[in-house]
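# build me a structure from this.
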Amino acid sequence: MWTRLGRSKRTPSLAINYVVLALLAVFTLYPMLLVFLDSFKSPDETLSNPLGLPREWQFVNFVKVWTEAGFSRAIPNSLLVATVSAVGVTLLGALGGYSLGRLKPRGGDALTVYFLAGGSLPAQMFLVPLFFLWRKLGLVDNLWGLALIYMGTGAPFAAYLLRAFFISLPRDFEDAAKVDGATQLDIIRHVVLPLARPGFLTVLLLNWMGGWNEFFFANIFLHRQEVQTVALRYVVFSSEYFTDWAMTSAMGVLMMLPVMALFLITQETFIKGMTQGGLKF
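This next block holds a predicted model:
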């Protein structure tokens, strides 16, 4: 009797949860489904039938995107920028986060607030002096120069996030390693780094996806077609008076595939890193 009563009391709350999750899934997946369907339509059909199934599946759209839009050349550029910047941000964030979260330097709390405030400022504030500096250094139209910008804009938040992650880690393992005679470097290599792997992967994935999809800085600092990223080539089928929604949707599908595949492969570790990193700020 009590078991039945307990189940009946829990059922309404679970039903509400399922309804909310279903609505969120619809709002999230429906636009992606429309983009997927439009990518197989002709340009005229995307205007006359934007919400329905394709009357004739146009697989040639992806061939045109790959060849005419220069997508095959843009993919290596985006992979280079996204990977280099994500690895750099993770390394810088790990050094800053460990120092602030574990070593407790003097003025560390003020420095943490500074990182948080600096990361919240709009990047457009520094655009003009940054552009002139990059032009003097020869880093305009340079993929490595763009990766440096992503590192500078992503490192403060990475340090802030990893600081919280390091604080949430228990110190018992470190104390046991010290009793066994381990040096500080041994503790970092064999104790801290394995425990903090979910946090590192979270920062790595967030910055990789940000570098892959970033448009603003890429549009300002990359002018030649040979060095443009996929985000810049995405607008090649758009003009002031007309947008080829079929080609644009096909390119959007190709842009989403690497991000979705990477997230599906690492989603368990990614979610674990986000939840653990949010415990103590």
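# tell me the domain ranges of this structure?
Following automatic domain parsing, one finds the domains of the chain at 2-38, 62-277.
# okay, Val253: pLDDT?
Note on Val253: pLDDT of 87.
# what's the closest non-adjacent residue to it?
Ser39 (4.9 Å; C-beta to C-beta, 6 or more residues apart in numbering). For every residue, glycine as well, the C-beta is placed using N, CA and C.
# count the neighbours of that neighbour for me.
For Ser39, the neighbour count with other C-beta atoms under 10 Å is 25.
# for it, what are its contacts?
Ser39 makes contact with Asn61, Phe62, Ala246, Ser249, Ala250, Gly252, Val253 under the criterion C-beta atoms under 8 Å, 6 or more residues apart in numbering.
# look up how far Ala176 lies from it.
Separation of Ser39 from Ala176 (C-beta to C-beta, to the nearest Å): 55 Å.
# gap between Gln124 and Thr153?
11 Å.
# the two - which one has more neighbours?
Neighbours were counted for Gln124 and for Thr153 using other C-beta under 10 Å; Thr153 has more, 20 against 10.
# I figured the more buried one hits Pro122, correct?
No - the criterion here is C-beta atoms under 8 Å, and Thr153 misses it with Pro122 at 10.3 Å.
# so what's the spatially closest residue to Asp244 that is not a sequence neighbour up against?
In space, and not counting its chain neighbours, Asp244 is closest to Phe237: 4.1 Å by C-beta to C-beta, 6+ apart. Phe237 sits next to Ala69, Thr243, Asp244, Met247, Thr248, Met251 when contact means C-beta under 8 Å, 6+ apart.
# for His223, which non-adjacent residue is closest in space?
In this structure, His223 finds its nearest non-sequential neighbour in Asp141, 5.6 Å apart by C-beta to C-beta, 6+ apart.
# tally of neighbours for Glu45?
For Glu45, using other C-beta under 10 Å, the count is 18.
# typo on my end, it should be Val81
Other residues near Val81 come to 29 when the count uses other C-beta under 10 Å.
# wait, it touches Trp208, no?
No - when contacts are counted by C-beta under 8 Å, Val81 is not listed as touching Trp208 (9.9 Å).
# chain neighbours aside, what residue packs nearest to Thr46?
When the adjacent residues along the chain are set aside, Thr46 lies closest to Trp245, with 4.1 Å between them (C-beta to C-beta, 6+ apart).
# from Ser238, how far out is the one you found?
Separation of Trp245 from Ser238 (C-beta to C-beta) stands at 9 Å.
# who has more neighbours out of those two?
Legend: neighbour count by other C-beta under 10 Å for Trp245 and Ser238, higher for Trp245 (20 against 13).
# could you pull out the helices for this structure?
With helices called from DSSP state H, the chain shows them at 2-38, 43-48, 60-67, 71-98, 108-120, 127-136, 143-168, 172-179, 184-187, 193-195, 197-213, 216-221, 230-233, 245-277.
# okay if I get those helices as CSV plus distance to Pro54?
Converted to CSV, those look like this (distance: least, C-beta to C-beta, whole Å):
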stretch, distance to Pro54
helix 2-38, 6
helix 43-48, 7
helix 60-67, 10
helix 71-98, 21
helix 108-120, 43
helix 127-136, 41
helix 143-168, 36
helix 172-179, 57
helix 184-187, 59
helix 193-195, 49
helix 197-213, 26
helix 216-221, 31
helix 230-233, 24
helix 245-277, 9
